[in-house]
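A.B. asks: Give me a 3D structure for the following:
(one chain, ligands or ions: 1)
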Amino acid sequence: MAEIILTPLDNGPNLIKGPVKIIDAEGQVWEVKKETVALCRCGGSASKPFCDGTHGKIRFSAVNRAPRKA
Ligand code: FES
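C.D. replies: Now for the predicted structure:
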């Protein structure tokens, strides 16, 4: 199985690199063929679950960090 890398961008989407299948709460499936996909994190995209750039227009702000490992 290939490694999947998820990178939350500051004030933007979650980038997922790797072969992914996205299944929403209603069971709708998106087979993603692109190498990298951006998933909306701001809730404003008209193309959910994908980012359409709206986060910039609505000035979405999220710069969360996980605690550093000791
Ligand atoms: S994160 Fe880009 S449109 Fe929501």
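
A.B. asks: make it CA atoms for all contacts and neighbour counts henceforth
C.D. replies: Noted.

A.B. asks: Need the nearest residue in space to K48, chain neighbours excluded.
C.D. replies: C40 (6.4 Å; Cα to Cα, 6 or more residues apart in numbering).

A.B. asks: Sorry, slip of the keys, the one I care about is E31.
C.D. replies: K21 (4.8 Å).

A.B. asks: for that neighbour, helix, strand, or coil?
C.D. replies: Under DSSP: H, G, I helix; E, B strand; the rest coil, K21 falls in the strand class.

A.B. asks: I'd like the numbering to begin with 55 instead of 1 from here.
C.D. replies: Yep, numbering from 55; the last one is K75 now.

A.B. asks: Contact partners for it?
C.D. replies: With contact taken as Cα atoms under 8 Å, 6 or more residues apart in numbering, K75 is in contact with V83, W84, E85, V86.

A.B. asks: measure the first one to E89 for me?
C.D. replies: Pointing back at V83 there. Separation of V83 from E89 (Cα to Cα, to the nearest Å): 17 Å.

A.B. asks: The ligand contacts on the chain?
C.D. replies: Residues of the chain found near the ligand (Cα under 6 Å from any ligand atom) are 66-67, 94-99, 105-109.

A.B. asks: pretty sure T108 contacts S99?
C.D. replies: Yes: counting by Cα atoms under 8 Å, T108 does reach S99; the two are 5.6 Å apart.
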